[in-house]
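Student: Quick one: sequence and predicted model below, then my questions.
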Protein chains: 2
Amino acid sequence: MSNRIITISREFGSGGRTIGRMTAEKLGIPCYDSELIEKIAEESGLTKEYIEERGEHAVHGSWLANAFSSERSFYGNSTQDYLWSVQRQVIEELAEKESCVIVGRCADYILSDNADCLKVFIHADMEKRAERIVKVYGETGESPKKRVQDKDKRRKSYYQFYTNMEWGKAQNYHIALDSGALGIEKCVEVIRELY
Amino acid sequence: MSNRIITISREFGSGGRTIGRMTAEKLGIPCYDSELIEKIAEESGLTKEYIEERGEHAVHGSWLANAFSSERSFYGNSTQDYLWSVQRQVIEELAEKESCVIVGRCADYILSDNADCLKVFIHADMEKRAERIVKVYGETGESPKKRVQDKDKRRKSYYQFYTNMEWGKAQNYHIALDSGALGIEKCVEVIRELY
C-alpha cells in the first residue's frame, strides 16, 4: 500500500501547525514540522536558524536580488537555492518512507505528483491571527498585525518564487479551512475524516 | 433562533449546484438556485433568461463599457446594476426568512455581515469539469474546456466588479473543497458536518 501524506500550508498565526500535530496524533502517524528542520539541517549542513528563517520565507529587502545573485555557494547556486533543493529531497524521501503530515515548506507543491496526498490550506482573519501569535509567541516590539502581515508577505513571495503558483488560491488545495471561524478542533475533525 | 445560511460559490462544472442541493436535502432546508432566479424575475420584472445570463456573469466583449454606460434604465442605472440591487435584496430577504442553502450570485459577499453564514467554495481541476459539463449540459459546437474557461472568466469578472474581492481566494470562504479529488458525496458530508 502506498503512503498517504497530508500537507498543511498555513497563514501565520492560523494554528496550522497545531492542526497538523493534532491530526497526526489522532491518525497515529508522524507530523513533520520542527523535525523536518532537523532533518534538513543534517542533510544540508546549514544551521537550524538559517533553515527556519530561509526555508519558507523570502528574505527582507532585496529578496529577488538575493535569490538571483548573492550568497553564491561553492556550486554556483545561491545558498537559498541549495536549501530549496535539499528541502525538496528530504520531503520526497519522507513521503516515500511513510504516511505522515508535513507542515509548510511548499510540501504541497513538492508532492503534487504524489497521487495520495491531501493538500490542506489553513487561514483565519487578521484579528484572530494577531491574537493568537501574541498568545503563542508572546509580545515583541512590533504590533501583532504588522508581524502577521510581514510573515505572510514573505511566505507568499517565497512560495511564488519557487513554485510559480499562487499561495492561498483555493484551487491549489484539496481543502481550505478558516480555522478562526470553524475552530481548531473542527478543522482537525474534517481533515481526519477526509483522510 | 437566527437562521443559518450556507452559501455555495463554485467554478463552472465543479458540481457546486448538485452539492448545494444534496446538502440542503440532507439538512431538510430549502436550496435556492433556479428558485432564486424565479424570485428575482418576480421582483424585478426582468426575464429569467436575462437574470440567468447577467446575474452572475460579466457580458461578453466590452463588459466594463456595458456596466458603466450602456443599457441605462429609467432610473439612470444600467440594467445590470438594477439586477444587482434586486438580487441583493431578494437574497437578504431569504436569509432573514429561513435557514437555507443559496447557490451562486455573490450571496457569500451579500451575506458577509450575517454571523451565521457558512461560506463554501467548490472547485475542481479542468479535466474533471470539462468531462462533467458534457455529461450534465451536453455537447455544443465549442470545446468543453473553452466553455469552462469562458464561464469562469465571466463569473470572476462579475464577482470582482460588484464585490471588489477576489473570486476563488481561499481566505474569502470558511471552507473550499476540491470536488474533483474528494468526490461530491464527500463534499456534502463535510459541509453537513460543519453546519
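Tutor: Noted; the coordinates are in hand. This is a predicted model, so every value here is computed, not measured.
Student: quick one: which helix or strand includes the residue nearest to residue A:44 when sequence neighbours are not counted?
Tutor: Distance criterion C-beta to C-beta, 6 or more residues apart in numbering or on different chains; nearest residue to residue A:44, sequence neighbours excluded, is residue A:86 at 4.2 Å. To be clear about C-beta, it is placed using only N, CA and C from the backbone, and glycine gets the same treatment. If you go by DSSP states H and E, residue A:86 is part of helix A:79-97.
Student: After that helix, which helix or strand is next? Please name it.
Tutor: Taking DSSP H and E, what comes next after helix A:79-97 is strand A:100-103.
Student: Give the partner strands of that next one in its sheet and their orientations.
Tutor: When pairing is defined by DSSP bridges, strand A:100-103 lines up against strand A:5-10 (parallel), strand A:31-32 (parallel).
Student: what residues are up against residue A:102?
Tutor: Residue A:102 is in contact with A:5-8, A:20, A:31-33, A:36, A:91, A:94-95, A:111, counting by C-beta atoms under 8 Å, 6 or more residues apart in numbering or on different chains.
Student: where in chain A is pLDDT low?
Tutor: Along chain A, segments meeting pLDDT under 70 span A:1, A:59-77.
Student: The same query, at a cut-off of 80, please.
Tutor: In the predicted model of chain A, residues A:1-2, A:55, A:58-77, A:115 satisfy pLDDT under 80.
Student: Identify the residue nearest the geometric centre of it.
Tutor: residue A:104 (1.2 Å; C-alpha atoms, centre = their mean).
Student: That one reaches residue A:10, doesn't it?
Tutor: Yes - in this structure, residue A:104 is within contact of residue A:10 by C-beta atoms under 8 Å, at 6.9 Å.
Student: who touches both of these two?
Tutor: Common neighbours of residue A:104 and residue A:10, using C-beta under 8 Å, 6+ apart, are A:16-17.
Student: Output stretch A:92-109 as PDB, restricted to C-alpha atoms.
Tutor: Below are the C-alpha coordinates for stretch A:92-109, written out as PDB (Å, rounded to 0.1, in the frame of the first residue of the first chain):
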ATOM      1  CA  GLU A  92      10.300  13.500  -1.200                       C
ATOM      2  CA  GLU A  93      12.200  10.900   0.900                       C
ATOM      3  CA  LEU A  94       9.800  11.300   3.800                       C
ATOM      4  CA  ALA A  95       6.800  10.800   1.600                       C
ATOM      5  CA  GLU A  96       8.400   7.600   0.200                       C
ATOM      6  CA  LYS A  97       9.200   6.300   3.600                       C
ATOM      7  CA  GLU A  98       5.900   6.600   5.500                       C
ATOM      8  CA  SER A  99       2.400   8.100   5.800                       C
ATOM      9  CA  CYS A 100       2.800  11.400   7.600                       C
ATOM     10  CA  VAL A 101       1.700  15.000   8.000                       C
ATOM     11  CA  ILE A 102       4.100  17.700   6.700                       C
ATOM     12  CA  VAL A 103       3.600  21.300   7.700                       C
ATOM     13  CA  GLY A 104       4.700  24.100   5.500                       C
ATOM     14  CA  ARG A 105       7.800  24.300   3.300                       C
ATOM     15  CA  CYS A 106       5.900  24.100   0.000                       C
ATOM     16  CA  ALA A 107       5.400  20.300   0.500                       C
ATOM     17  CA  ASP A 108       2.100  20.600  -1.300                       C
ATOM     18  CA  TYR A 109       3.900  21.700  -4.400                       C
END
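Student: Give me the distance from it to the chain's centre.
Tutor: Distance of stretch A:92-109 from its chain centroid, counting by C-alpha atoms, centre = their mean, to the nearest Å, is 10 Å.
Student: Quick check: buried residues in it?
Tutor: A:94-95, A:99-109 (16 or more other C-beta atoms under 10 Å in any protein chain shown).
Student: Which positions in chain A make contact with chain B?
Tutor: Taking C-beta under 8 Å from any C-beta of the partner chain as the contact definition, chain A meets chain B at A:11, A:121, A:123, A:168-171, A:173-178, A:181-182, A:186, A:189-190, A:193-194.
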